[in-house]
Each structure stands twice: as structure tokens, then as C-alpha cells.
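S.K.: Generate coordinates for the sequence data below:
(chains A and B)
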Amino acid sequence: MRDVNFGWAIRFVHMNGASFFFIVVYIHIFRGLYYGSYKSPREILWILGVVILLLMMATAFMGYVLPWGQMSFWGAKVITNLFSAIPLVGESVVVWLWGGFSVDNPTLNRFFALHFLLPFVIFGVVFLHIVALHKNGSNNPLGIDTKGPQDSIPFHPYYTVKDYLGLGAFMTIFAAVVFFAPDYMGHPDNYIEANPLQTPPHIVPEWYFLPFYAILRAVPDKLFGVLAMFAAIAVLFILPWLDRSPVRSMRFRPISKWFFWVLAVDAVLLGWCGANAPDDVWMGLQFVVWSRLATIYYFLHFLVIIPYLGLFERPKQPPASIAEAVLGGGTGAAAAAAAKPMEKA
Amino acid sequence: MRILRLAKAAVAAATIAVSASSAHAAGSGIHYESQDWSFSGIFGTIDHAAAQRGYQVYRSVCAGCHSMNLVSFRNLEGIGIPEHTIKVLASEAEIATINGDGETVMRPRLPSDRFPAPFANPQAARASNNGALPPDLSLIAKARANGPNYLYALLTGYHEPPAGMTVSEGMYYNAAFEGHQIAMAPPLSEGAVEFSDGTKATVEQMAHDITTFLMYAAEPHMDERKRTGLKVVLFLFVLTILLYFVKKKVWADLH
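M.R.: Residues are numbered from 1 along each chain as shown, chains lettered A, B, ... in the order given. You can find the predicted model right below:
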């Protein structure tokens, strides 16, 4: 950090890079939810995506332990102790994870090794994610299948150049944070060296774990709290079968569309709850009450609202083809367009 | 429409970010007055004169109890102290080393050596400080929420306790400290040091200068980081505008 040439740049890019990775992945996931990209025939693609999310979380958690600051240490203590909730073997599992009887040097060593290893696993699953994508091709904002060459455009040059633009915008924002506010998303306590004898008043994880942390703390029972937290991600695995609606895109689902945004607000609310002490009061209610309400809604959304709307919502009629939607006009225009591809000669 | 949706997503992301960090900043609920710092903002740099005065305060006042284990004498170059002066400053404290015969001997410190620590270990520090451990100051400006303003408020926060409050034996009342009882005796008093540049050593002036020095020590590369950032962000900004027009031109070939 201070003695290696450009150590400050490497540290801040790495630290904020993790945060920005989660920012783009969360946007990517919510986009998938909005346009129904998880639905048949792309279930495998979606499930691989959730696997990547889980791997990212493990990698980010272990990486956060490595600076060995106060939040690193106590975060590691809290998260590894979650496994002690497992009946019968819990305590032994925790000792096995630690490599000792407390979070200590062996824990740090193995987390370092795993933090190096897991990104290669992520890379492998990303590769499978792309293989699965190429099986059926991308979904689209209309959520309808492509019917012929008139419905799609070549990846190059159109999407390569568009991705350059997106990359440019992303890098500009990323660089601004790295160079001008590198500690903005961090916690000041992590600049204090780990001290096993002194617990910080509030242990909080990095921002991208806050919603899950809120779910964990919302449940009064330890085992069920841990189960609820893992269930919050596990529910994404079965989402393709929870949503029975034949229409993919929310553009044509007038009621689901609103519930989508309620879910987005709910996720932010959970994050806000995770960041605050459970006993503090916000808008007349304790945060623990807020996180319980938000947790209940989160599971209600996936387990009740989505299956119900899938069966009973009356969707609008999606256009017959992408070409028709793009070119507008009635069936005549569409028929004319069907004859030639999207590109002008 | 697309821009609108992107904006919505950006707002959602920003909300999460803001809620996270503002919650981190929350804590004791004590308000720290924002001071005028030379290093605030994206163009802000460390004021060398203030940081040099701050080093003088550290060396003659704070260093009696507080270590700065991550900081080397050579780091003082970054606040404009010339090399030959640093050599003299470093040599005034000795460090243990092993000579050719395997004996432990003392030698003068070099600019590449760290600042000397006042106590050999935390136990010794507690023993001489009524059981309290004076924290290491290397990163203190970043290890507290709203660091610089907090440090200034703490150093200038010693007052008579309000009526009805009893302060425990060996503790002092401090308006800025969580719980308002701190084991550190008021470190600064008017004229505690004599600045060679003629600046009057008031408590406020010293608190300001030492905070500037501690901010520098916590991140010696801050000035370089901001300077580099300005070039990088400007470059990327212009590049992104150009990419926007390239994208527009390429996509113009579509219906």
C-alpha cells in the first residue's frame, strides 16, 4: 500500500473493483428479472448465473478478510460462525474451517489461497455461462423469440462498438471513485489492525452483503436465520419454475411490472436495514422490525406473488416479431420487412 | 426510454451506495464541525508548511505516547523536508541491529528506518498510561469516521464537564469522544511548541497542523493519486464521448 510502487493504485483498484463487480452484476440480475431472461429455454443459463453470484460472494468475503483489519477479522468470525448453526456437526465444521480454535493465522492463510483459487473457478463458470447463452441466444427487451435473420443484427460491429461505449462510461465512473473517493465504500474500522480482544460496536459487512445480512438478523433463531439467508439466494435457483407466465418481458405484464419495482425497493430497504444497528429507530420503527417486514416481502414476492401472477395476470399481446416492433406500422410493413435483414444494404 | 432505464438503475445503485456509506459514518451521533482542510476535494493537496509544523508537534508532544509504526523517516520528503534534514532527524533516534559478531548493538536510524516507538510493546504502553493503550497514529486519520474533522474536534474538545457529570479518576472530559471520558490527558496547550516559521502555537493551530500531518501519514500518496486521477478521468471522459459518436455512426446503418 505505502511502500510498493503504485501499491496505492493496485489496492484501490482491487478494493473498489470488487464493489463495482457487484454493482454491474446486481444490475445484470435485475435486468434478467425484468425481461424474464430466466425462463424457458434459458433455465441453465440463469442457474449458472446464480452459481457465479455465489462464487463471487465467497471470493469477495475471503478477499475482505485479507487486509486483516478489525472488520476483516470480525466479519470472518461472524460468517464462519454461521456454520456452527448446523445441527450436530456445526462446531466441528467451524473448527475445520478455521484450522484452529479461533480465527487466526491458519484461517488467513487458507482464505488467501482460496481467494486466489476461486476467481479461476468463476472464470470457468463464466465460460459455461457463455456456452449456455449460445445454445439459445440472448433474450431481448421484448422477450420474444427471434424468427429469422430480419430479427437480429451481427454482434460485430454493432455490439462490440456498443460495449466499448458502455465500457468507457463504466471506466470513467470507476476511475472517478478509485482516484477521488477510494474509501467511500469501505469502513474506517478496517484501517484498525485486527484485535481478537476488542469487538467493534457494530460489525457490518461490505455494502453488497447488507441485504443478506439484514435477512440473517431479521430471524430471531440462529439456525433459521442462516437458512433464511441462504434461502434468499436459493430461491433464485427455482425461479424459472416459480414463474409460470408464458410472457417473458415485464413490458407486457402490467401488474408484475409494478411488483418488480417493489422488489427493487425492498432490496434497497434490506440493504439499508443491514447497514444500521437493529435497535435504532427509523421512521417510527426499529430497524429489526423493518428488516422483518422486508424479509417477509422478499420471500412473499418469490414464493407467492410471482407464482400467482404467472397464472392469473392477463398479459398484453407482445408483437409478432422483433422486426415488426422495430419498424413499427401494421402487418404490411412487417411483411415487407420480413423479406430483408435489419441492416441497410 | 433506454437512457431513462439506465438512469433508474444508476439511481438504484447509487442509493445503495449512499445508504451503505452514510450508515458507516453514523455512530456516536456526535457532530464534528467541518474544518477548512487544504487536502479536501479532488484538487486538494497537503499543505506542506502545515504538515511540517504538524510533524514538529507529533515529535515533541504525541510521540511521547503514540507510535507511528508504518511511517518511515524518508516519508517526510513528501511534505517538503529536505533530505539532509531528514538524515539528521532520523539519526537522533537509535535502533537495535546485529553486528558482525552476532551481538545486538545500537546504531543511529537512517531515513529508510521507521519512526521510533515510545514503548517496546502494548503491555509496557498500558503500564505507563494508567491501563489505557495509546493507539498507533499511522492510519488514525482514516481509521475514524470523518477522520480529520474528528481528530480536530477531539484535540480541541477538552472542556470542564457539564454540571451533574462526574468524570472517573484518571479520565478527562472530552466533548468529541464517544462517552465523553478519555484517558488521554489534554495533549496540547498554548505555546507547547515553538514554530520556527513564526506561526503562533495556539491549541487550534496545533490541532489543525497535526491533523494535516496525520492525514499525510495515513496516505502519503494522496496528492499523487488525485493528480493521476485527474488525467485518467479526463482521458476516459473524452474517450467515452468519442465512443458515443462511433457507436451512433455504426448503428446508423440499421433500420
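S.K.: drop to CA atoms for contacts and neighbour counts, all remaining ones
M.R.: Noted.
S.K.: CA-only coordinates of stretch B:38-51 in PDB, if you can.
M.R.: Output of stretch B:38-51 as PDB, limited to C-alpha atoms (Å, rounded to 0.1, in the frame of the first residue of the first chain):
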ATOM      1  CA  SER B  38      -6.000  22.000   2.300                       C
ATOM      2  CA  PHE B  39      -6.500  18.400   1.300                       C
ATOM      3  CA  SER B  40     -10.200  18.300   0.800                       C
ATOM      4  CA  GLY B  41     -11.800  18.000  -2.600                       C
ATOM      5  CA  ILE B  42     -10.500  16.500  -5.700                       C
ATOM      6  CA  PHE B  43      -7.900  19.300  -6.200                       C
ATOM      7  CA  GLY B  44      -6.900  19.400  -2.600                       C
ATOM      8  CA  THR B  45      -3.300  18.800  -1.700                       C
ATOM      9  CA  ILE B  46      -1.400  18.500   1.600                       C
ATOM     10  CA  ASP B  47      -0.200  22.000   2.800                       C
ATOM     11  CA  HIS B  48       3.500  21.300   3.300                       C
ATOM     12  CA  ALA B  49       4.100  24.100   5.800                       C
ATOM     13  CA  ALA B  50       1.200  22.900   8.000                       C
ATOM     14  CA  ALA B  51       2.300  19.300   7.700                       C
END
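S.K.: Just the residues contacting that stretch, thanks.
M.R.: A:180, B:79-80, B:208-210, B:212-213, B:216, B:222-223, B:226-227 (CA atoms under 8 Å, 6 or more residues apart in numbering or on different chains).
S.K.: Between those, identify the one with the most neighbours.
M.R.: Within these, neighbour counts (other CA atoms under 10 Å in any protein chain shown) peak at B:T212, which reaches 29 neighbours.
S.K.: Next, count neighbours for the nearest residue to it once chain neighbours are set aside.
M.R.: Ranked by CA to CA, 6 or more residues apart in numbering or on different chains and with sequence neighbours excluded, the top spatial neighbour of B:T212 is B:A51, at 5.3 Å. Residues lying near B:A51 (other CA under 10 Å) number 26.
S.K.: Wasn't B:A51 part of a helix?
M.R.: Yes: judged by DSSP: H, G, I helix; E, B strand; the rest coil, B:A51 forms part of a helix.
S.K.: Pop the domain breakdown of chain B in here.
M.R.: B:28-71+B:114-220, B:222-255 (automatic domain parsing).
S.K.: Single out the most deeply packed of those.
M.R.: domain B:28-71+B:114-220 (a mean of 17; mean count of other CA atoms under 10 Å in any protein chain shown).
S.K.: distance between it and the chain's centre?
M.R.: Its chain's average C-alpha position is 10 Å from that of domain B:28-71+B:114-220, according to CA atoms, centre = their mean, to the nearest Å.
S.K.: What mean pLDDT does that domain get?
M.R.: On average, the pLDDT along domain B:28-71+B:114-220 is 94.
S.K.: hmm, back to that, looking at the contacts of stretch B:38-51, which is nearest B:L139?
M.R.: B:Y216 (9.4 Å; CA to CA).
S.K.: so what's that closest one closest to, chain neighbours aside?
M.R.: Nearest to B:Y216 is B:I46, by CA to CA, 6+ apart, at 6.7 Å.
S.K.: same thing with A:F20?
M.R.: Using CA to CA, 6+ apart, the closest residue to A:F20 is A:F174 (7.3 Å).
S.K.: Look at the one you found and tell me its secondary structure.
M.R.: helix.
S.K.: Chain A against chain B: which residues are in contact?
M.R.: Residues of chain A that fall close to chain B, judged by CA under 8 Å from any CA of the partner chain: A:2, A:8-9, A:23, A:27, A:157-158, A:161-162, A:164-165, A:168-169, A:171-172, A:175-176, A:178-180, A:184-192, A:207, A:268, A:271-272, A:275-276, A:326-327, A:342-344.
S.K.: Just the ones of these in helices?
M.R.: If you go by DSSP state H, those have A:8-9, A:23, A:27, A:161-162, A:164-165, A:168-169, A:171-172, A:175-176, A:178-180, A:268, A:271-272, A:275, A:326-327 in helices.
S.K.: can you pull out the helices in the chain?
M.R.: If you meant another chain, say so; for now it's chain A. Secondary structure of chain A (DSSP H): helices at A:7-34, A:43-65, A:70-81, A:90-98, A:105-136, A:160-180, A:210-218, A:222-237, A:239-242, A:254-275, A:287-300, A:306-312, A:322-327, A:331-338.
S.K.: Oops, wrong one, chain B.
M.R.: Going by DSSP H, chain B shows helices at B:2-25, B:48-60, B:83-91, B:122-128, B:147-155, B:203-218, B:222-251.
S.K.: can I get those helices in a markdown table with distance to A:V51?
M.R.: Formatted as a markdown table, the helices of chain B follow (distance: least, CA to CA, whole Å):
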| stretch | distance to A:V51 |
| --- | --- |
| helix B:2-25 | 22 |
| helix B:48-60 | 50 |
| helix B:83-91 | 54 |
| helix B:122-128 | 45 |
| helix B:147-155 | 39 |
| helix B:203-218 | 39 |
| helix B:222-251 | 32 |
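S.K.: Return the residues in contact with the closest residue to B:G78 other than its chain neighbours.
M.R.: With CA to CA, 6+ apart as the criterion, B:G78 has its nearest non-adjacent residue at 7.1 Å, and that residue is B:P220. When contacts are counted by CA under 8 Å, 6+ apart, B:P220 touches A:2, B:75, B:78.
S.K.: If we only consider those, which is nearest to A:T295?
M.R.: Of the contacts of B:P220, the one sitting nearest to A:T295 (CA to CA) turns out to be A:R2, at 42.3 Å.
S.K.: what about the closest one, how many neighbours?
M.R.: So A:R2, with other CA under 10 Å, has 16 neighbours.
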